[in-house]
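S.K.: Please work out how this folds:
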Amino acid sequence: MTHISIRCARRRERGEADAADETAKVSAGRVGKLGCAEQRQLAALLQKTFAFSSIDNAVRVTAACVRQMQMGGLLQISDSIVSHYGEKALPQRIEAVDVMLELSAAQPEDFYAVDKRTLLRFSLGEPSFKQFVIVSGSDPPPERELRQEEKIIVLLPDSIRPETFPYTRPVIFAIQQRNGTHRFFARK
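M.R.: Below you'll find the model as predicted:
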């Protein structure tokens with residue numbers, strides 16, 4: 001017991017425990033804003049926040065923090081998908097997070113989950129501060145519910161043809177490729 005206490009005291013003196021605590025808090029906060037995310041997605045978001053030297057370090061630290069939060073009963077992990085304990089992960093939300101990471105080079109300014117139809121809202125920073133909304137292509141919200149200043153991104157499933165999509169405003173379609181990335185094209 002004393003051996004562990006001494007080791008923890010030394011880590012705290014060097015600031016390591018505080019950094020780990022801060023990383024765990026931010027990880028939980030990111031999951032709270034997204035509702036659910038894959039561990040690799042959290043690592044990509046944390047890499048910017050904590051300036052990890054590599055994505056491998058970000059993945060390693062994120063995995064440790066998520067395990068810590070899981071043991072504390074705050075987060076749950078299933079097939080590398082992290083969510084708050086007792087909440088169900090949405091596959092379309094996971095895809096929406098991928099689209100956000102692709103379009104923002106893993107550096108969105110702000111982001112948050114909305115519901116299962118309006119999957120995610122995010123913005124890209126200065127100087128133009130663009131706002132985006134990612135919606136479900138299979139069950140989109142009514143167009144009037146979306147803000148005029150937002151650029152609309154539609155996760156288009158294979159079963160829906162772009163020309164039949166009901167919105168009158170310009171939209172950007174995101175189609176998932178076999179390798180997991182997305183192809184984007186616009187309709188005016």
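
S.K.: going forward, measure contacts and count neighbours with C-alpha atoms only.
M.R.: OK.

S.K.: pull the helix or strand with minimum mean pLDDT from the protein.
M.R.: helix 2-14 (a mean of 40; mean pLDDT, DSSP states H and E).

S.K.: Just after that helix, pick out the following helix or strand.
M.R.: helix 16-34 (DSSP states H and E).

S.K.: Now do that next one: which elements does it pack against?
M.R.: Counting contacts by 3 or more Cα pairs under 8 Å, 6 or more residues apart in numbering; DSSP states H and E, helix 16-34 is packed against helix 2-14, helix 39-50, helix 55-71, strand 81-84, strand 110-113.

S.K.: most tightly surrounded among the ones you listed?
M.R.: strand 81-84 (a mean of 23; mean count of other Cα atoms under 10 Å).

S.K.: Send me that strand as CSV with only the CA atoms.
M.R.: What follows is strand 81-84, C-alpha atoms only, in CSV (Å, rounded to 0.1, in the frame of the first residue of the first chain):
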residue,chain,number,x,y,z
ILE,A,81,-17.3,2.3,-29.3
VAL,A,82,-17.5,4.4,-26.2
SER,A,83,-20.7,5.8,-24.8
HIS,A,84,-22.1,6.9,-21.4
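
S.K.: so what does it touch, helix or strand wise?
M.R.: Applying 3+ Cα pairs under 8 Å, 6+ apart, one finds that strand 81-84 contacts helix 16-34, strand 36-38, strand 75-78.

S.K.: which neighbours does it have in its sheet, and in what orientation?
M.R.: Next to strand 81-84 in the sheet, as set by DSSP bridges, lie strand 36-38 (antiparallel), strand 75-78 (antiparallel).

S.K.: what's the average pLDDT for that strand?
M.R.: Per-residue pLDDT over strand 81-84 has a mean of 92.

S.K.: The following helix or strand past it - contacts with which helices or strands?
M.R.: Heading C-terminal from strand 81-84, the first helix or strand you meet, by DSSP H and E, is helix 91-104. Applying 3+ Cα pairs under 8 Å, 6+ apart, we find helix 91-104 packed against strand 36-38, helix 39-50, strand 118-124.

S.K.: Can you add mean pLDDT and distance to residue 138 and give the ones you listed back as TSV?
M.R.: Below are those laid out as TSV (pLDDT from 0 to 100; distance: least, Cα to Cα, whole Å):
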stretch	mean pLDDT	distance to residue 138
strand 36-38	93	20
helix 39-50	88	24
strand 118-124	94	11
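
S.K.: Show the contacting residues for residue 80.
M.R.: Counting by Cα atoms under 8 Å, 6 or more residues apart in numbering, residue 80 touches 38, 39.

S.K.: Tell me the strands beside the one helix or strand residue 135 maps to, with direction?
M.R.: Secondary structure assigned from DSSP H and E places residue 135 in strand 130-136. Strand pairing for strand 130-136, using DSSP bridges, gives strand 118-124 (antiparallel), strand 150-155 (parallel).
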